[in-house]
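Student: Need coordinates for the below:
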Amino acid sequence: MVNIILLIAGVLVILLIASGFVSVDQGHVIIITQFGRYKRFLRPGLNLKMPWEKRHLKVSLQNRAMEVNFQAITKDQANVYFKSMLLYSVAKDHEETIKNAAFSFNSAAEFQLAMQKLVEGEVRAFVATKNQDEILGIRQEMASNIKEHIDQKIEVWGYALHDIQITDLQFDKEITESMAKVVSSFNLRKAAENEGAALLIKKTKEAEAEGAFIKIQAESEKEAWRKKGEGLAAFREEVSKGIKVAVEELKEAEVDPSYLLFFMYTESLKHIAEKGVGATMFIDSSASAQDRIMQQFTGMLGFNKKDKV
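Tutor: Numbering: from 1, shown residues only. This is a model prediction of the structure:
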């Protein structure tokens, strides 16, 4: 009988000791109270709890996220509707911090409600200092400002806010439509300005190209006329040399040089008759015409009677 009692007592002791072992998941701690007061907390792994100690609460040390939706009014009385995502966790794994996180609120839902109202109040206070046209461009500034103020307040609760993101931001329908019209008109103006600038560049380049072409053409014409003048001058010079040689040869042959002029005159008439198209040429064919023409040539070129033989 005694052996049976000892056996039963041993089994009860073993069961009592076994029931004192507590397994804690990674990323969590368990708050232990003794007679209703905080005693200690158990870290991840296998822990031993005394029979008179009570498991009070399991606290997560991991990052947690929550979404909050609320409305704010700008300085110029425009309604703005926000959706935000908050990323938070227990600030540190120190005993005092964990103790504050476990006992600051009666439940996690109450903490989240307090966090939501705190963020909502900070956003409304910030938005109330800005006009509607400023809100869209300062999301990051707004988030940084709100986080800075909230960090100081939730630190005493044992929590830290790691990040806040403004995931959605909307205005009333009327404001949205008016802003769309403003953006549309601005884009149209910029498009017109860009089109005008492009047209100006095009016209400028065309004018520059035309001016360069005119300049090149003028230079080419100038060079052509210069070459033409040099050619005419060289032609006249060669003609003069040819006439001079011919006159000298006629003089050496004791022939009147004026015959050369008469020959050139008749050759010119022949050339005109051959090349002329649709024109009538009148020639003086009287008996005195030849003497008169020869006198005109000799007078023009400076021949005189004493040069004749």
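Student: buried residues in the helix or strand encompassing E141?
Tutor: Assigned by DSSP states H and E, E141 falls within helix 139-154. Buried residues in helix 139-154, counting neighbours by 16 or more other CB atoms under 10 Å, are found at 142-143, 145-147, 150, 154. No exception for glycine: its C-beta is placed from N, CA and C like everyone else's.
Student: Stretch 111-123 now?
Tutor: In stretch 111-123, counting by 16+ other CB under 10 Å, buried: 111-112, 115-116, 118-120, 122-123.
Student: Next SSE downstream of the helix holding E141?
Tutor: Sequence-wise, the next helix or strand downstream of helix 139-154 (DSSP H and E) is strand 159-171.
Student: Give me the contact list for that next one.
Tutor: Under the contact criterion CB atoms under 8 Å, 6 or more residues apart in numbering, strand 159-171 has outside partners 63, 67, 78-91, 101, 111, 115, 119, 132, 135-136, 139, 142-143, 146-147, 150-151, 154, 176, 179.
Student: could you give the mean pLDDT of it?
Tutor: The average pLDDT within strand 159-171 is 84.
Student: Now do that strand and helix 139-154, the angle between them.
Tutor: 140 degrees (axes from the mean of the first three to the mean of the last three CA atoms, to 10 degrees).
Student: which strands and helices sit next to the following helix or strand past strand 159-171?
Tutor: Sequence order places helix 173-252 as the next helix or strand after strand 159-171, per DSSP H and E. Packing contacts for helix 173-252, counted by 3 or more CB pairs under 8 Å, 6 or more residues apart in numbering; DSSP states H and E, involve helix 132-135, helix 258-275.
Student: Centre of the chain to the shortest one, how far?
Tutor: Read it as helix 132-135. 23 Å (CA atoms, centre = their mean, to the nearest Å).
Student: Make 615 the first number, not 1, from now on.
Tutor: I'll keep to 615 as the first residue from here, and by that count the last item is helix 746-749.
Student: ok, residues contacting that helix?
Tutor: 688, 690, 692, 694, 741, 756, 783, 785, 789, 793.
Student: What's the local residue count around R657?
Tutor: Other residues near R657 come to 14 when the count uses other CB atoms under 10 Å.
Student: residue contacts, it?
Tutor: Counting by CB under 8 Å, 6+ apart, R657 makes contact with 638, 643.
Student: again with V770
Tutor: Contacts of V770 (CB under 8 Å, 6+ apart): 714, 718.
Student: Show the model's pLDDT score for it.
Tutor: On pLDDT, V770 comes in at 88.
Student: Equivalent analysis for F876, please.
Tutor: At F876, pLDDT is 68.
Student: And the one 4 residues further on, by the same measure?
Tutor: pLDDT, T880: 74.
Student: Name the residues that touch the helix or strand containing R738?
Tutor: In the assignment (DSSP H and E), R738 maps to helix 722-741. With contacts defined as CB under 8 Å, 6+ apart, helix 722-741 is touched by 680, 682, 684, 686-688, 694, 696, 698, 700, 702, 718-719, 749, 756, 759-760, 763-764, 767-768, 771, 773, 778.
Student: I'm done for today, thanks for sticking with me.
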